[in-house]
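**Student:** Fold the following for me, if possible:
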Amino acid sequence: MKRIIDISIAMIMATLVISGCTKEAVPDDGDLVLVKMNLTGEVTVDETSLTRAFTSDDLIGVQVYQGSTNYAYGLFDDVTKMNLYLHSGKHYKIVCTVVKNGKNIVYHSDDWDGVLPSYVGNGQFYIDKGEYGLPFLVYTGSQYGFSYFDALALGNTFIYDNSSKCLKYLQYGTIALNSGTHQQYPNVNRFYGEVSDYTAAGNGVLSIPIKRVSFGVALSVSGITDGDVTVTIRNSDQAFHTYSGITQDTQFGTTTWSFYDLKSAWQYADNYAENFTVGVVWNRGVGVTQNLGTKTVQFQRNTINHVRINLTTTINSSSLGVSLEEPNIGYESFSICN
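**Tutor:** Presented below is the predicted three-dimensional model:
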């Protein structure tokens, strides 16, 4: 196992100011306190604040629990409007996820209403104009084996609700895409973080550590003398990504993908990795198809994982290499024989 080198962790200074009375609906029982919330976490080396690190195209989903009871949830694109009211002395858990460029990635409807499959069970959800699907579906309960959901609008305010309604799926990577499909490992840069057992107190400060729960993949193929090559990357039995029609030596640019189990990727961030399989098929120009088989490789969190495939004809074999695009990390190689 190779060591992970994290990019720098910087303080994300934008605060979620808990303001005084506003026109929004807030809890009216118990003593409300003002709490300053800071998000800390991983951003690129030249970004030092949440305002700079995240743009207006990013979507931020937050779920708040009071003890084990649902308390509040909301969808935001403006951190300055994240105003949360908490009760003094009560214990809270806060879960947060950020989908970079989420407005252009997550399924939503600008000009029509409709009923769509939920992607998270046997249920369906009705989506109104401006509302978003997974991972921002509001779970409303289940009955007779069916799950029920509400799509969530970008409101830039918390909705206080202690019923069954909650953003239950923030910790999972599955996203309903604008293409009308869904992916468990979507092509997206994503962050996740949570705080457990926070006790609200006046003038308190709450810091939520968020970490990147994505990984990079760079593919290079060399040694093609004829025909074309298809490279398929899988996780379990699901095709994660396919590169097809490769006819010459090619270096593909880095793409960023989200893991599925975001909570585990966040919780075990220092050494989190998942096993994927890489398969290679070479359709030779002489009309022969060579299935070079598959190899298991590990893709590590917050790292560019470079898969190198070297095809040779002189020794009737091929080799598949995987290494990390980081200095002083070392190199792992795997071979695939014809």
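**Student:** gap between the closest residue to Leu311 other than its chain neighbours and His241?
**Tutor:** Ranked by Cβ to Cβ, 6 or more residues apart in numbering and with sequence neighbours excluded, the top spatial neighbour of Leu311 is Gly223, at 3.6 Å. Every residue, glycine included, has its C-beta placed from N, CA and C. According to Cβ to Cβ, to the nearest Å, Gly223 stands 21 Å off from His241.
**Student:** Check which residues of stretch 54-66 are buried.
**Tutor:** Phe54, Asp58, Leu59, Ile60, Gly61, Val62, Gln63, Val64, Tyr65, Gln66 (16 or more other Cβ atoms under 10 Å).
**Student:** Let me see the contact set for the second one.
**Tutor:** For Asp58, the contacting residues are Asp77, Val98, Val99, Lys100, Asn101, Gly102, Lys103, by Cβ atoms under 8 Å, 6 or more residues apart in numbering.
**Student:** mind putting those in TSV, secondary structure included?
**Tutor:** Formatted as TSV, the contacts of Asp58 follow (DSSP: H, G, I helix; E, B strand; the rest coil):
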residue	secondary structure
Asp77	coil
Val98	strand
Val99	strand
Lys100	coil
Asn101	coil
Gly102	helix
Lys103	helix
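**Student:** just those residues now: which is nearest Thr199?
**Tutor:** Val98 (25.2 Å; Cβ to Cβ).
**Student:** Okay, the residue nearest to Leu311 and Ile246: tell me how far apart.
**Tutor:** For Gly223 relative to Ile246 (Cβ to Cβ), the value is 11 Å.
**Student:** Have a look at the two and say which one is more surrounded.
**Tutor:** Of the pair Gly223 and Ile246, Ile246 is the one with more neighbours under other Cβ atoms under 10 Å, namely 20 against 15.
**Student:** My read is that that one contacts Ser220, right?
**Tutor:** No: contact criterion Cβ atoms under 8 Å: Ile246 and Ser220 do not qualify, at 10.3 Å.
**Student:** And the residue nearest to Leu311, how close does it get to Val288?
**Tutor:** Taken as Cβ to Cβ, the span from Gly223 to Val288 is 16 Å.
**Student:** Could you do Tyr272 as well?
**Tutor:** From Tyr272 to Val288 the distance is 41 Å (Cβ to Cβ).
**Student:** Look at those two and report which has more neighbours.
**Tutor:** Tyr272 (21 against 10).
**Student:** Nearest residue to Cys166 in space, ignoring adjacent ones along the chain?
**Tutor:** Cys166 sits nearest to Asn70 (Cβ to Cβ, 6+ apart), 4.4 Å away.
**Student:** wait, what's in contact with the spatially closest residue to Gly245 that is not a sequence neighbour?
**Tutor:** Leaving aside its sequence neighbours, Gly245 sits nearest to Asp228 (Cβ to Cβ, 6+ apart; 5.3 Å). Asp228 makes contacts with Ser244, Gly245, Ile246, Thr247, Trp282, Asn283, as judged by Cβ under 8 Å, 6+ apart.
**Student:** need the contact list for the third one.
**Tutor:** Right, the one you point to is Ile246. Contacts for Ile246 (Cβ under 8 Å, 6+ apart) come out as Val221, Ile224, Asp228, Val229, Thr230, Val231.
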